[in-house]
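Novice: What shape does this take:
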Amino acid sequence: MNFFVSIAKGIDSPSDSIPVYHPNMLDIPLRVGVSGATSIAKGVAFQVAATPGMNLAWQSKGVLEDLKTKLKEEPVDVFIEACGEIAAAAEASLLAIKNHAHVILTNARVDVTVGQTLQTEAHQNGIIVTSDAGTPHGVLATMIQEAHIMGFETVQAGQASPLSEPTQVLYEMAALANGFGFLLPEGGMTGPEIASLDETINAFNLESYGETPRIDYVRGPKPGGGLYLIVKPKFDLPVEQLTHLRGCQLGNGPYYLLRRDYHLGHLETPKAILGAAAGQPILSPSYPTCDVYASLEEKLYSGTELKQHHLEAQLCPIDKNRIPLAVLEEGAALTADLDRGQDITFENTRLVETE
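Specialist: Sure, this is the predicted structure:
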């Protein structure tokens, strides 16, 4: 009987013995552990349990002793840090690395503050440390990689923020810059106000950037929020390709806008898990260029213990004399009188020992 006829009739088809293939289903499910009791941790745990090819081994409440026991008694392939506190996240991640688990960071503050330390330790143990795929910086990293595959080079990566310059955006953009070696524009991010995201390309002096991509953000587009790349082709394009780009509503060049309206948080975490297991991080802190520092919101005097309301966050190039904002938030006191707007440095500040 003709092979195709046999399939049509369902008689003795050679495919009868072939199992049905389910995308993303692994022969041996990846064992995943989640640390934290935050809403992010709960969302990640739910998503892992619902994803074929993954097994939620456990969810720790973030207590170090509990985590030590779980990692020893129930080893995991991938560890997701979602406790929300920098010091606790650092300790938990180092512990996971020593127990040979790849680490996924869900908090940009952790990436920026201790990411380089974690990366060094991970490299020595043959382990991947990566940002989560569903964070703004993780999504932008994926967009950059996709743009590269499509023949574009990134000129600027940014966020559309309805606020002026929220601290969380600064950390997310710093994490992205430190993963790719991107730079701030001269004088810092500018955050021009625009009416629509389509205006983004014309809101910056792109020709002044030189060869190194920049990070920035835009304010006020409707609808609010979103992520974007400004890119340009790596090579001169033929007329047919230019016509195709116009047909895709990407514009007339030489710069093009690639955009995404939302990042999806824990819904995208399985991409980071699969990538880490395959040795492919979404975004790793490899080329530090900037950090989030702070200046004073008001004049303060020597001996004053610094509180969050005293501090104005600033994203700046790496400055070894200044104390990162995340470190200041762990406890610090001034050792000199400082005026409003002055930098907080190791020379004029004493870090407070905390338990």
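
Novice: What's the first helix or strand after the worst-scoring helix or strand of the chain on mean pLDDT?
Specialist: Lowest on mean pLDDT, DSSP states H and E among the helices and strands of the chain sits helix 3-9, with a mean of 37. Proceeding C-terminally, helix 3-9 gives way to strand 30-35 as the next helix or strand, assigned by DSSP states H and E.

Novice: Kindly export the helix or strand just after that next one (C-alpha atoms) in CSV.
Specialist: Proceeding N to C from strand 30-35, the next assigned helix or strand is helix 39-49, under DSSP H and E. What follows is helix 39-49, C-alpha atoms only, in CSV (Å, rounded to 0.1, in the frame of the first residue of the first chain):
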residue,chain,number,x,y,z
SER,A,39,5.2,37.9,45.4
ILE,A,40,7.9,37.4,42.8
ALA,A,41,9.1,34.2,44.5
LYS,A,42,5.5,32.9,44.6
GLY,A,43,4.9,33.7,41.0
VAL,A,44,8.2,32.0,39.9
ALA,A,45,7.4,28.9,41.9
PHE,A,46,3.9,28.7,40.3
GLN,A,47,5.4,29.1,36.8
VAL,A,48,8.1,26.5,37.3
ALA,A,49,5.6,24.0,38.6
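
Novice: Please name every helix or strand in contact with helix 39-49.
Specialist: strand 30-35, strand 54-60, strand 78-81, helix 269-277 (3 or more CB pairs under 8 Å, 6 or more residues apart in numbering; DSSP states H and E). C-beta here means a position set from N, CA and C on the backbone, and glycine is covered the same way.

Novice: what do you get if the cut-off is 6 Å, keeping everything else the same?
Specialist: On a contact count with 3 or more CB pairs under 6 Å, 6 or more residues apart in numbering; DSSP states H and E, helix 39-49 meets strand 30-35, strand 54-60.

Novice: what about it, average pLDDT?
Specialist: For helix 39-49, the mean pLDDT works out to 96.

Novice: the inter-axis angle of it versus strand 54-60?
Specialist: Inter-element angle recorded for helix 39-49 and strand 54-60: 150 degrees (by axes from the mean of the first three to the mean of the last three CA atoms, to 10 degrees).
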